[in-house]
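Asker: Please find the sequence and the predicted model below.
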Amino acid sequence: MKVKASNSETSRFVRRQASQIYKGGLPVLLRKTRALLVMMALVLPVVLLVRALRPLVLIRFGPLATSRIGHFAANTEVYLCEREAGMHGRQTFDIFYHGSALCCNQQLKKMWDRTLRISRFAWPVDRLNRLLPGGENHVIPWRPNQDRDIHGLLARMRVHLSFTVEEERRGLAALRELGIPDSTPFVCFHARHPAYLSSVLPNKNWHYHDYRDSSIHNYVPAAEELARRGYFAIRMGANVREALTTTNPMIIDYATKCRNDFLDIFLGAKCRFFIGSPCGINAIPMVFRRPIAWVNYVPLEDAPTWGPNDLFIPKKLWLREERRFLTFGEVLDSGIGRFSKSEQYERSGIEVVENTPEEITALAVEMDERLKGTWQTTEEDEQLQRGFWSLFKPSELHGTIVSRIGAEFLRQNRELLD
């Protein structure tokens, strides 16, 4: 990844300093400038030493995506798998720092802190290094879509995060407090909603993400079916606004009753499988190699294709003017399959239709039976799978496609393959 920091970093610095004249006056500007110059003077010898050592060892610096749990978990784990696979060179020494004062999850931060080389001092070194010519060689190269396992490494590499013995004891005790007996399987389920981002970053307009939202109530029938099959079902989420409407004692509304940072990670790491719409919390079961049943997935071309035990079903797109659903081929060939903002769908006259309770339940049942080895497929199912995945063209979003789209969803929507 090429980093052209000199001009952009300098211009951002100038704009920030100029704004201080209006916020705190010239004395504040002078104090901040003096502090910055002192900091640069202190770290300059370090930067020069790092450059001098490059023939022997390549030392690199970079931020972790601390504020967003999906990127904080998945980007980092995929990077570690790439590094272990030799994709970052053998003579590299990477030092990280937390890229934001806002931390999405303190337990995840604690676990990365004991796994990676992390130093607060890396931040000023990284900033000065980027300002000087040649700095891009010493920047950790996060690639675009770093959270996507396009090389299929997660299935082949070890999990890099681990719980301590004390954390394992704490987690098992918490499961008992939730009413889940020892060795009883449980699943987690989650529906994306706007409340979390609006609460932690209230000054930003997040409505462009609305097309990804779905109703948690559509997941309850799937939870009921899984409870009938012997699972406890745990509703995940932070800062949720709606409680579940169920009296089933095997369905636990953890998100509204006892949610905490530690259990967010522990539950996602230990569940039998996870049912969720595309959202950051899904990265936790992903990095711990737990199977995921992705529902309400959109945009279509962004489909998760790297998990050998993963299933997914997409939202359907209703073309208002023609009063019909767009076929999968139309979505993928037109560029709509990459729409990432609500306004794009609105401008195109498209209604994004979330999955029905029946569709979500069918996918949950398929996941359960596949993991138990009792799922029965047919030649027609396999033909539908081949027909669907043949619509995906090679791109930077996918490597070898090993995931599957839900069998019942394809049976009921086979006309969208035409």
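Answerer: Everything's here; your move. Keep in mind that what you see is a predicted model, and the values were worked out from it rather than measured.

Asker: For the longest helix anywhere in the chain, which helices and strands make contact with it?
Answerer: Longest helix in the chain by number of residues, with DSSP state H as the criterion: helix 25-52. Judged by 3 or more C-beta pairs under 8 Å, 6 or more residues apart in numbering; DSSP states H and E, helix 25-52 is in contact with helix 5-23, helix 122-131. For every residue, glycine as well, the C-beta is placed using N, CA and C.

Asker: and if we set it to 10 Å?
Answerer: Other helices and strands packing on helix 25-52, by 3 or more C-beta pairs under 10 Å, 6 or more residues apart in numbering; DSSP states H and E, are helix 5-23, strand 58-64, helix 122-131.

Asker: Could you pull out the strands in the stretch 301-418 of the chain for me?
Answerer: 311-314, 316-319, 324-325, 350-353, 404-405 (DSSP state E, counting those that start in this stretch).

Asker: Give the pairing partners of the first one; include direction for each.
Answerer: According to DSSP bridges, strand 311-314 has the following sheet partners: strand 292-297 (parallel), strand 404-405 (parallel).

Asker: Okay, helices next: where are they in the stretch 201-350 of the chain?
Answerer: Taking DSSP state H, counting those that start in this stretch as the test, the helices found in the stretch 201-350 of the chain are 220-228, 254-257, 261-270, 283-287, 328-334, 342-347.

Asker: Please identify the deepest-packed of those.
Answerer: Mean neighbour counts were compared across these using mean count of other C-beta atoms under 10 Å; the top stretch is helix 283-287, at a mean of 26.

Asker: what's that helix packed up against?
Answerer: When contacts are defined as 3+ C-beta pairs under 10 Å, 6+ apart, helix 283-287 sits against helix 69-70, helix 76-84, helix 106-113, strand 186-190, helix 261-270, strand 274-276, strand 292-297.

Asker: who does Ile292 bridge with?
Answerer: Residues in beta-bridge contact with Ile292 (DSSP bridges): Phe274.

Asker: List the contacts of it.
Answerer: The neighbours of Ile292, taking C-beta atoms under 10 Å, 6 or more residues apart in numbering as the test, are 188, 268, 271, 273-276, 282-283, 285-286, 304, 307, 309-312, 367, 403.

Asker: Tell me how far the nearest residue to Met39 once chain neighbours are set aside lies from Ser348.
Answerer: What sits nearest to Met39 in space, not counting adjacent residues and going by C-beta to C-beta, 6 or more residues apart in numbering, is Pro124, at 5.1 Å. For Pro124, the distance to Ser348 equals 46 Å [C-beta to C-beta, to the nearest Å].

Asker: Compare those two (neighbour count), which wins?
Answerer: Neighbour tally, Pro124 and Ser348, criterion other C-beta atoms under 10 Å: the higher count belongs to Pro124, 19 against 16.

Asker: Was I right to think that one contacts Met40?
Answerer: Yes - if you go by C-beta atoms under 10 Å, Pro124 and Met40 touch, sitting 7.6 Å apart.

Asker: Find the residues that touch each one of these two.
Answerer: Shared contacts of Pro124 and Met40, defined by C-beta under 10 Å, 6+ apart, are found at Val47.

Asker: center of the chain, which residue is that?
Answerer: For the chain, the residue nearest the mean C-alpha position is Gly70 (2.9 Å; C-alpha atoms, centre = their mean).

Asker: Once you drop chain neighbours, what's closest to that one?
Answerer: Gly280 (2.9 Å).

Asker: and if you look at Ala407?
Answerer: Using C-beta to C-beta, 6+ apart, the nearest residue to Ala407 is Asp381, at 4.9 Å.

Asker: quick one: that neighbour from Pro291, how far?
Answerer: 19 Å.

Asker: neighbour-wise, which of those two wins?
Answerer: Pro291 (20 against 16).

Asker: Hmm, that one is touching Pro304, no?
Answerer: No - Pro291 lies out of contact with Pro304 (C-beta under 10 Å); the separation is 11.4 Å.

Asker: Now for those two: what residues contact both?
Answerer: Listed as contacting both Pro291 and Pro304 by C-beta under 10 Å, 6+ apart are Asp310, Leu311.

Asker: For burial, what's the neighbour tally of the nearest residue to Ser340 once chain neighbours are set aside?
Answerer: Excluding the flanking residues, the one nearest Ser340 by C-beta to C-beta, 6+ apart is Pro299, at 6.2 Å. Neighbourhood size, Pro299 [other C-beta under 10 Å]: 25.

Asker: Now do the same contact list for Pro299.
Answerer: By C-beta under 10 Å, 6+ apart, Pro299 lies in contact with 211-212, 278, 314-315, 317, 331-332, 335-341, 344-345, 352, 397.

Asker: mind redoing it with 8 Å?
Answerer: Contact analysis of Pro299 by C-beta atoms under 8 Å, 6 or more residues apart in numbering lists Ile336, Gly337, Arg338, Phe339, Ser340.

Asker: Let's have those residues in a markdown table, adding pLDDT, neighbour count and distance to Lys257.
Answerer: Shown next, in a markdown table, are the contacts of Pro299 (pLDDT from 0 to 100; neighbours: other C-beta atoms under 10 Å; distance: C-beta to C-beta, whole Å):
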| residue | pLDDT | neighbour count | distance to Lys257 |
| --- | --- | --- | --- |
| Ile336 | 98 | 20 | 39 |
| Gly337 | 97 | 25 | 38 |
| Arg338 | 97 | 15 | 38 |
| Phe339 | 97 | 23 | 36 |
| Ser340 | 94 | 13 | 33 |
